[in-house]
Structure formats: C-alpha cells, structure tokens
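Participant: predicted coordinates and the sequence they were generated for:
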Amino acid sequence: MSSNDTLQRLHEVIESRRGGDPDKSYVARLFHKGTDTILKKVGEEAVETVMAGKDGDRTKIIYETADLWFHSLVALAHFGLSPADVLQELERREGLSGLEEFAARKAQQREHKEGS
Ligand SMILES: N=c1c2ncn([C@@H]3O[C@H](COP(=O)(O)OP(=O)(O)OP(=O)(O)O)[C@@H](O)[C@H]3O)c2ncn1[C@@H]1O[C@H](COP(=O)(O)O)[C@@H](O)[C@H]1O
C-alpha cells in the first residue's frame, strides 16, 4: 500500500466528518470551530515539529510531523482541497532544481517590476 493511499484514505475519513457531531469526532469539532481554529492547529503543530527537531528526538519528530500532516489535511479539506492537489504540485516540481526555480522566479519578478 502506498503512502498516497494512506493520505487519500485519511482525507476521505476527514471529509466524512464534515457536519458531524463535534462531541463525537475531533475532526468534526475542528470543522465546526472553523478557519481560525484549524489554521491555529497547523501553526501549533509546525512549531512542535520545529521543537522536536531542535531536540533531535527522532521519535518526537515523527510524532509531531504526523500531527502536522494530519492537521494540514484537515486545513486542505476545509478549503475544498485534497492531498492529491498537493501531490500533483510536488510531482510538477520533480526534477526541477530548487535553485533554478528560485532564479527563474526572481528573474520573473524583476521583469514584472521593470514592466510596471
Ligand atoms: N490522525 C489523526 C490525529 N492526529 C492527531 N489527532 C488529534 O489531534 C489532537 C492534537 O492535539 P494536541 O497534540 O495539540 O494536543 P491537545 O489535545 O490539543 O492538547 P494540548 O497539547 O494543546 O494541551 C489530539 O486530540 C489528537 O488526538 C488526530 N485525530 C484524528 N486523526 C485521524 O482522524 C480520524 C478521525 O478522527 P475523529 O474525527 O476524531 O473520529 C481518526 O480515525 C484518525 O485516523
């Protein structure tokens, strides 16, 4: 089973919680609370992942990254997106050097600035 399947399956579970009982489902509770709560959780989990990295604790890094991915999936669903959308973007970037992409983006920004 691929990791894409896991993300897609989790996405489907998350979607199934939409409009569910906030007392019975954590995801339903997040949806019920709305944008600010969902985004706040993503921010918190990102910070906790950074802290785990600073501690150099591999088990904690995995645990906190799982929390971060999970809450990111909730945020994507909240905005009508799915892991497939993000995977598609990562696939588009495959083989594209990050440094070349950065240089191309900066050149484009310079052209845009000069043109305006
Ligand atoms: N993968 C997860 C998952 N990861 C983390 N969490 C919850 O996310 C919350 C994270 O909270 P924090 O770590 O920030 O801790 P906290 O409880 O807020 O407390 P503090 O640390 O802030 O004091 C916890 O309540 C976790 O249980 C998750 N809750 C659900 N899922 C998946 O979502 C599915 C649906 O869940 P329900 O909607 O609850 O049925 C589950 O079957 C799982 O597959």
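Facilitator: That came in fine, so what should we check first? The structure displayed is predicted, hence computed values, not measured ones.
Participant: where does the residue most central in space within the chain land on pLDDT?
Facilitator: For the chain, the residue nearest the mean C-alpha position is S72 (3.5 Å; Cα atoms, centre = their mean). At S72, the model reports a pLDDT of 98.
Participant: repeat for K33
Facilitator: Per-residue pLDDT puts K33 at 98.
Participant: how near is it to S25?
Facilitator: 12 Å (Cβ to Cβ, to the nearest Å). Bear in mind the C-beta positions are built from the backbone N, C-alpha and C, glycine included.
Participant: just to revisit the earlier point, from H32, how far out is the residue nearest to the centre of the chain?
Facilitator: 19 Å.
Participant: repeat for K54
Facilitator: 33 Å.
Participant: what about the two, which has more around it?
Facilitator: H32 (16 against 9; other Cβ atoms under 10 Å).
Participant: and the one helix or strand that one maps to, how far out from the chain's middle?
Facilitator: Element membership of H32, judged by DSSP states H and E, is helix 26-33. Chain-centre distance of helix 26-33: 17 Å, with Cα atoms, centre = their mean, to the nearest Å.
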